[in-house]
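Student: predicted structure and sequence below. I'll ask about it afterward.
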Amino acid sequence: MDIFYDAATKVKCESILNWKKSGKPVVGYTCSYAPPEIFHAAGILPVRLRGIETDGTDIADAYFGPFICSFPKCILQLAGKGMFDFLDGAVITPGCDSMRRIDECWRKAGEDHDGIVPPFFYYFDVPHKSEAHGMRWFKNELKLMIKAIETHFDVKITHKGILAAIKKFNIGRRMLKEIETMRWAKDVVVSGTDVFTATIAGAVMPRDEYNQHLKQWLSGLRRRKKSLSKNKIRLMLAGSASDEINLIRLLEENTGAIVVAENICFGIRAEGNEIDEKGDPIDNLAKHYMDQSVCPRMYGKYKERLTSIKERIDRARVDGVVMQNIRFCDLHGAENSLYERDLEAAGIPCLKLEREYGPRADSGRMKLRINAFLERIDAKSNQKSTEPLSVSA
Amino acid sequence: MRPEIKEYNYDRILGQTLSAAARFPAGSDKETELTYRYIPYFKGVLKPLIDTGVPGKIFLELLALYYENILTAHARGKKICGTTFCYSPAILYAMDIVPATFEILTALGGMVWKRGMFDYMDFCCEVGMPETSCSSQRGFLGAFLAGLCEEVDFLVCDSPGVCDTNANAYAFSSAYLNKPFYQLNYPSSIGDERSQKYHVDDYKEMIRFMEEQSGNRLDYDRLAEILKEVDLQDHLTADLEDLLMLVPSPLPPLYNLMIYAGRFCFSGQKIYTRVLEAMLKWGKNRAKTGLSGLRSGDEKLRIFTCYIDHYTVNLNFWNYLEDRNFGHLGCILSRNFRDDNKYVKNLPGSAYGIDLSTKDAMLDSMAQLNARMPMVRTIRGPYDKPGMWLDESLELVRFFQADCVIYNGTPGCRNTWGMVKPFARDMEKNGYPTHIMNDDAFDDRVESWEATKERLDEFFQVRGLL
């Protein structure tokens, strides 16, 4: 687990530094709609860009305006401080308006801070719809990005290579899926913090190394007997992008709760499903990354997402959902309200939390609200248990 | 929402108000002047419009008709489509569907009522929209979500890929009220073959959706008539822009608002053509005098608002321009990007043409026109890429000989707040003093108009522009 914690909590983690020592390139990407398999097929380490370890946003604030989500600001802050100096490339995706503007802000910051813009700086234009023409656009974008990588890094990305990468990533996905299944059990043997940590690590570690460590960890989990969920409230964490281990820890530490599911783009939601290993690998990547409409950036798919989250809630026996949105993330902010309306109507308690990403200035406030929410769930379950059993005639 | 606000339908009260306003200047000038005494709360917005002469009077008719269309749509067996300002309503008219454009309906309430649209905006937050979402939709949307307006039958927006908060307002409405919804999505590029095709493919899907929702087939004869009218309107607008190039500009600042608001309400409809013709006639006459279109006739400064204007009560922003003798050269909403406009010559791929030769050609024209609507064209991609916001703004400030640039938006404008600082810096590097307003174009509570005015004055003073 140590290597996962290292990867999940440090921008310059050991795995990345070791990879760099071998002289092979690293490319960062900003969104779960960018397929890391393509980079892997090119012998490049794909690293999901994150904003951890920031202690302020003074550099980012010089480029981004005031009404912008703190997640991309933290990424730009790290870039400005040279924390991403291991990157040979960066791929910016229009996940949302705040994230897509990293493109300009990073390049412009590069005019003031020497050497912070990686030599390969690429805009990967992901559409907002997965209908036939949206899918065609996305496939073309994949092909254009492949060509750009081949040209810049002087490599060849073959279908065979992509297929091999898909297979490799699927190995990890299958293991994560098994871990997810373990969390559905009545007696859960692994904490949400640990699972989240392991998932985040998968977004930055070289896949072979990751699979190997995940395999070891999983075999240990299979042997675990001690239930961590006994008498605990089972929570799901949903909402804006978050790679903060401390957020899950806040939910689990000394609260009488355990996180048994996530519905955020850094969690198993993006990693849990396998990619088809037969047929055209570009088609398969496109289908996997575009067709699921898991993020509210895919407008008009709320009903599909509601169905999906309900299934997850049922499977993981969730007692309550904590839905967070980073301030100015209207997409999740609005969708969280819709979830709250519909899930509460279905008898599932929900807590909406607006927060800032990064330095945890408001963890005290959040803790207070989380505790109040847990008390509410607790009171509800106590009420249930004291209600007389209904006797059928 | 306050209970008394819930007593009346928003569109009905504002529709009645505008209907009365349109009849207001029907008498003699003396009668009009005397009647102002009886409308102290509306004089501030009505008088500046009436003072612009015939164009202002027709414009009031246009606004009244817009509400009347919405209020009577269902009685006339028509469907209402909730849509956005950056979506051309011409196609809706071609399909006999009535548009209800959220931002127009928000702006009008904000400009006419001292209480603004605050109660409706806040209602959106009551039902779950974040307070950081865009106020331009939240005004009318609050009334819509609260059931205080004619029922909107379905929703179409064209902001995905361009503006999240805009698109999100429509997606939220659709999910909240269970209304059918279509999103026209735009890629980050424009003018290349691939994006042109994407525009058309998506537009055709949208037509299918609207046919299904409205029960009306697209009537191509009607579309041809409307496109002919759009063609005429585009050329009238180009003639107005020729006048705007003159120093001093013979056009009053309010004409800018009338050009784009009219287009958003009635593109391809005769009433908008009448407004444009009247403005052109007035402007040409004024140009002969050599005076500016400002009431004083004296133009001290030429201002280009690179994003949107300010729409709070009593047309504060336009009155400010008049008071300070500042000419208004337009904003991101003003230009239509028709292919024979002079300013598009240096912005390859940025323009659309109108071709009526076949059904497909007409559809293609509409799809490409829509893809060049304000915001949709300009800020879909990185601001400093060829033909995008920076290139466009530089071309326009040079073309219209602006002295300075003002950025104004809402806190919801993540798409521009994400890069307006480097954008402003680039404008400055090119020699154009640029001021970023930290207010909300639709909500005075974010920053009072008085504070906004002070900051504007400060900018003009400090930068030595006066």
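Tutor: That came through, no problem.

Student: could you use CA atoms for every contact and neighbour count after this?
Tutor: Will do.

Student: so the closest residue to chain B within the stretch 151-300 of chain A, which of the three states?
Tutor: Proximity of the stretch 151-300 of chain A to chain B (Cα to the nearest Cα) peaks at A:Gly300, 5.5 Å away. State at A:Gly300, reduced to three classes by DSSP: H, G, I helix; E, B strand; the rest coil: coil.

Student: that one touches B:Ser174, doesn't it?
Tutor: Yes. A:Gly300 is within contact range of B:Ser174, at 7.5 Å (criterion: Cα atoms under 8 Å).

Student: measure the residue of the stretch 151-300 of chain A closest to chain B to B:Leu240 for me?
Tutor: Distance of A:Gly300 to B:Leu240, computed by Cα to Cα, to the nearest Å: 40 Å.

Student: so where's the chain shaky on pLDDT?
Tutor: No chain in the question, so chain A it is. Where chain A drops to pLDDT under 70, the residues are A:270-272, A:359-361, A:384-393.

Student: where along it do the strands fall?
Tutor: Taking DSSP state E as the criterion, chain A carries its strands at A:26-29, A:45-48, A:89-92, A:120-123, A:233-239, A:257-263, A:320-326, A:350-355.

Student: just those strands: most buried one?
Tutor: Comparing these by mean neighbour count (mean count of other Cα atoms under 10 Å in any protein chain shown), strand A:257-263 comes out on top with a mean of 27.

Student: quick one, which of the strands of chain A is nearest to B:Leu246?
Tutor: Closest to B:Leu246 of the strands of chain A is strand A:120-123 (Cα to Cα; 40.4 Å).

Student: can you list contacts of the closest one?
Tutor: With Cα atoms under 8 Å, 6 or more residues apart in numbering or on different chains as the test, strand A:120-123 has contacts from A:88-93, A:103, A:145, A:152.

Student: try it again with 10 Å
Tutor: Contact with strand A:120-123 is made by A:27-29, A:87-94, A:100, A:103, A:106-107, A:141, A:145, A:148-149, A:152-153, B:188, B:381-382, as judged by Cα atoms under 10 Å, 6 or more residues apart in numbering or on different chains.

Student: mind listing which of those are in helices?
Tutor: A:100, A:103, A:106-107, A:141, A:145, A:148-149, A:152-153 (DSSP state H).

Student: show me what from the stretch 151-300 of chain B comes close to chain A.
Tutor: B:160-165, B:167-176, B:178, B:180-189, B:194-195, B:197-202, B:205 (Cα under 10 Å from any Cα of the partner chain).

Student: filter the residues you listed down to the buried ones.
Tutor: B:160-165, B:167-176, B:180-189, B:195, B:197-202, B:205 (16 or more other Cα atoms under 10 Å in any protein chain shown).

Student: from those, which land in strands?
Tutor: B:181-183.

Student: just send these back as TSV, with pLDDT too.
Tutor: Below are these laid out as TSV (pLDDT from 0 to 100):
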residue	pLDDT
B:Phe181	98
B:Tyr182	98
B:Gln183	96
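
Student: need those in a markdown table (columns: distance to B:Leu466).
Tutor: Formatted as a markdown table, these follow (distance: Cα to Cα, whole Å):
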| residue | distance to B:Leu466 |
| --- | --- |
| B:Phe181 | 49 |
| B:Tyr182 | 48 |
| B:Gln183 | 45 |
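
Student: isn't the residue of the stretch 151-300 of chain A closest to chain B up against B:Tyr176?
Tutor: No. Counting by Cα atoms under 10 Å, B:Tyr176 is not a contact partner of A:Gly300; they are 11.2 Å apart.

Student: what do those two both touch?
Tutor: B:Tyr170.

Student: for the residue of the stretch 151-300 of chain A closest to chain B, grab the count of nearby residues.
Tutor: Using other Cα atoms under 10 Å in any protein chain shown, A:Gly300 has 24 other residues around it.

Student: how close does A:Asp111 get to chain B?
Tutor: Small correction: residue A:111 is Glu, not Asp. 11 Å (Cα to the nearest Cα, to the nearest Å).

Student: hang on, that residue packs against B:Arg425?
Tutor: No. A:Glu111 sits out of contact with B:Arg425 when judged by Cα under 10 Å, with a separation of 11.9 Å.

Student: between these two, which one's more packed in?
Tutor: Set A:Glu111 next to B:Arg425 and count neighbours by other Cα under 10 Å: B:Arg425 wins out with 16 against 12.

Student: so what's the residue nearest to A:Arg50 when sequence neighbours are not counted up against?
Tutor: Nearest residue to A:Arg50 in three dimensions, chain neighbours excluded: A:Ile75, at 5.8 Å (Cα to Cα, 6 or more residues apart in numbering or on different chains). Applying Cα under 10 Å, 6+ apart to A:Ile75 gives the contacts A:30, A:49-54, A:57, A:60, A:81, A:83-84, A:99, A:102, A:106, A:358.

Student: show me the contacts for the residue of the stretch 151-300 of chain A closest to chain B.
Tutor: A:128-129, A:293, B:167-168, B:170-175, B:180-183.

Student: A:Lys232 too?
Tutor: A:252, A:255-259, A:319, A:374, A:378.

Student: how about a cut-off of 7 Å?
Tutor: Going by Cα atoms under 7 Å, 6 or more residues apart in numbering or on different chains, A:Lys232 touches A:256-258.

Student: could you pull up phi and psi at it?
Tutor: Here is the backbone geometry of A:Lys232 (degrees, to the nearest 10): phi -110, psi 150.

Student: that one and A:Leu251, how far apart?
Tutor: 12 Å.

Student: which residues are in contact with both of those two?
Tutor: A:Ala257.

Student: next one: phi and psi at the residue positioned nearest the centre of chain A?
Tutor: Nearest to the mean C-alpha position of chain A, by Cα atoms, centre = their mean, lies A:Phe266 at 0.7 Å. Here is the backbone geometry of A:Phe266 (degrees, to the nearest 10): phi -90, psi -10.

Student: pass me the low-pLDDT residue ranges in the stretch 201-350 of chain B, would you?
Tutor: For the stretch 201-350 of chain B (pLDDT under 70), the answer is none.

Student: residue of it nearest chain A, please.
Tutor: Here the stretch 201-350 of chain B gets closest to chain A at one residue, B:Asp201, 6.6 Å apart by Cα to the nearest Cα.

Student: smallest gap between the stretch 101-250 of chain A and chain B, at which residue?
Tutor: Counting by Cα to the nearest Cα, the stretch 101-250 of chain A gets nearest chain B through A:Arg101, at 5.4 Å.

Student: quick one: residues in contact with stretch B:297-311.
Tutor: Against stretch B:297-311 from outside (Cα under 7 Å, 6+ apart): B:107, B:110-111, B:248, B:291-292, B:317, B:325-333, B:393, B:397, B:402-409, B:441-442.

Student: could I have the ChimeraX command that selects the buried members from those?
Tutor: A single ChimeraX command suffices to select whichever of the contacts of stretch B:297-311 are buried according to 16+ other Cα under 10 Å:
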select /B:107,110,111,248,291,292,317,325,326,327,328,329,330,331,332,333,393,397,402,403,404,405,406,407,408,409,441,442
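
Student: are any of the ones in helices among the contacts of strand A:120-123 buried, and which?
Tutor: A:100, A:103, A:106-107, A:141, A:145, A:149.
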